[in-house]
Each structure stands twice: as C-alpha cells, then as structure tokens.
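Chemist: here's my sequence, what's the structure:
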Amino acid sequence: MLQHKKIKIGKKAVEAILFNLSAKNLIVLKGRKGYVMCGYLNLKAAEKFKDAAVKITGVSTIAEALKARVYSATREARRLGIYKGQLIKETLAILA
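Modeler: As a prediction, the model looks like this:
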C-alpha cells in the first residue's frame, strides 16, 4: 500500500508519503528545505549528506506523524531552528 498526499502548512505545502512495509509503515513528510522521517530511516545517513532531517518515532499513520514531536534532528535541521520536542507541525512550517 502507498499513500501520497499534499498537506497545507500555512501558504506552503509538504508531501506526505506512507509505504506499507511488512508489519510497519515507512513515513516521510517532505518539504522544500528538508524532511521528517520515521524511525525506519537512518538519521546518521541524513547527517552524512548534510540534509535538514528530523526523526520521529512511534507513528504508524500520516495523521499520527503530524501530531508527533521531534525525537532527534540533524545539525542542518537544528541550524534552521528545529529542536528536540518541537511539534512536527511547527517543524514542517520551517521545512516547507
């Protein structure tokens, strides 16, 4: 199963993508400046590529991802003003 939709964040939008993989879902919320990823993806790899990336955990749906908080973030994401514990909707406003 694949879900793909645009989500409005103020006047901007982000892409929300969900892939159903075996027992879990892989979720990515992608903006123009960076992205939010679920625990399936590797934050160290994102750091290596100097991406503005944010990791969330404990989510299974796009709706849950939008209600989550930042678990961790790359140096580039922190440079944009993103911090641990921040609401993902606030984070997406920065990354959009």
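Chemist: so what's the spatially closest residue to residue 32 that is not a sequence neighbour up against?
Modeler: Distance criterion Cβ to Cβ, 6 or more residues apart in numbering; nearest residue to residue 32, sequence neighbours excluded, is residue 96 at 6.2 Å. Using the backbone N, CA and C atoms, a C-beta is placed for each residue, glycine as well. Residue 96 sits next to 9, 10, 12, 13, 14, 31, 32, 33 when contact means Cβ atoms under 8 Å, 6 or more residues apart in numbering.
Chemist: ok, for the fifth one, nearest residue in space, not its chain neighbours?
Modeler: By the measure of Cβ to Cβ, 6+ apart, the closest residue to residue 14 outside its immediate chain neighbours is residue 31, 4.5 Å from it.
Chemist: do you know how far residue 73 is from residue 88?
Modeler: Distance of residue 73 to residue 88, given as Cβ to Cβ, to the nearest Å: 11 Å.
Chemist: between those two, what contacts are shared?
Modeler: Between them, residue 73 and residue 88 have residue 54 as joint contacts when contacts are counted by Cβ under 8 Å, 6+ apart.
Chemist: for the residue nearest the centre of the chain, what are its contacts?
Modeler: Against the mean C-alpha coordinate of the chain, by Cα atoms, centre = their mean, the closest residue is residue 36 at 1.2 Å. Residue 36 is in contact with 28, 29, 30, 53, 54, 55, 56, 65, 88, 91, 92, 95, counting by Cβ under 8 Å, 6+ apart.
Chemist: so what strands line up beside the strand or helix carrying it?
Modeler: Here residue 36, judged by DSSP states H and E, is contained in strand 35-37. Strands that pair with strand 35-37, judged by DSSP bridges, come out as strand 24-30 (antiparallel), strand 53-55 (parallel).
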